[in-house]
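Asks: Sequence and predicted structure are below.
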Amino acid sequence: MQAWLDSLLALLALPQYGLSTLFIAAFVSATLVPVGSEPFLFGLLKLNPSMFWPAIGVATLGNTLGGAVDWWMGYGAHQVADKYSNSKHHTRVLKWLEKLGPKACLLSWLPLVGDPLCAVAGWLKLSFWPCVFYMAIGKFARYVTMTVALLYIWPE
C-alpha cells in the first residue's frame, strides 16, 4: 500500500500532472469543503521551483473558480427560506455586506469565513463579475504571500 501511495504522489508531482492536481485542490478548497490547497502548492514548488508563477496562476484560477461556484450556490440558496433571517447578527452582517458590495469578496482568502462569504455574496445577488474580480485579487495575494513565506521559512 505504501509503495502504491508513494508512486501516486510521485506521479502527481510531475509537472504535467502537478498543475492539474493543484488546480483541482485549489478548486475544491474554495468550495465549502474544508481542504487547504497551500500544501499542494508548496509541495509542487519544492519539487519544481521554476514553476512559481505558473503554479500561483493555476492555484489562483482554480480557487477563484471555486469561489464563483460558491457564489452560484449562494445565489441558488436565496430561493430557500433562511431560518436565521430575523437574528440580529445575521441582519447586521447582511447590511455590512450590502454596504461593501462586491469589494467584500476581497476577503474571500480568509480561512473559515472567506468561502462562505462568496456564497453570501451570491445569496445577496451582488454583481457576479465584480465579485469574481475581487475574489481573484484576494486569492492571488494570499497565494503569493503564503508561498513566499513558506519558501522563505523552508528554503531547502
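Replies: Noted; the coordinates are in hand.

Asks: I'd guessed residue 118 sits against residue 136; true?
Replies: No: in this structure residue 118 lies outside contact range of residue 136 using C-beta atoms under 8 Å: 11.5 Å. Heads up, the C-betas are built off the backbone N, CA and C, glycines and all.

Asks: Have a look at these two and say which one is more surrounded.
Replies: residue 118 (32 against 20; other C-beta atoms under 10 Å).

Asks: Secondary structure element holding the more buried one?
Replies: Using DSSP states H and E, residue 118 maps to helix 114-123.

Asks: And that helix, what's buried?
Replies: Under the neighbour-count criterion of 16 or more other C-beta atoms under 10 Å, helix 114-123 has 114, 115, 116, 117, 118, 119, 120, 121, 122, 123 buried.

Asks: Any stretches of this protein with poor pLDDT?
Replies: Along the chain, segments meeting pLDDT under 70 span 5, 8-17, 32, 78-87, 90, 156.

Asks: one more time with 80, if that's ok
Replies: Applying pLDDT under 80 to the chain picks out residues 1-17, 32-35, 76-91, 93-94, 111-112, 154-156.

Asks: residue boundaries of the strands in it?
Replies: Taking DSSP state E as the criterion, the chain contains no strands.

Asks: Next one: the closest residue to residue 44 other than its chain neighbours from residue 28, what distance?
Replies: Spatially, and ignoring its direct neighbours in sequence, residue 44 is nearest to residue 18 (4.6 Å; C-beta to C-beta, 6 or more residues apart in numbering). In this view, residue 18 and residue 28 are 16 Å apart by C-beta to C-beta, to the nearest Å.

Asks: next one: residue 146
Replies: Counting by C-beta to C-beta, the gap from residue 146 to residue 28 is 17 Å.

Asks: Provide a list of residues in contact with the closest residue to residue 119 other than its chain neighbours.
Replies: Spatially, and ignoring its direct neighbours in sequence, residue 119 is nearest to residue 74 (3.4 Å; C-beta to C-beta, 6+ apart). By C-beta atoms under 8 Å, 6 or more residues apart in numbering, the contact set of residue 74 is 118, 119, 120, 121, 122, 123, 124.

Asks: between the residues you listed, which is nearest residue 103?
Replies: Here the nearest of the contacts of residue 74 to residue 103, counting by C-beta to C-beta, is residue 121; it sits at 10.2 Å.
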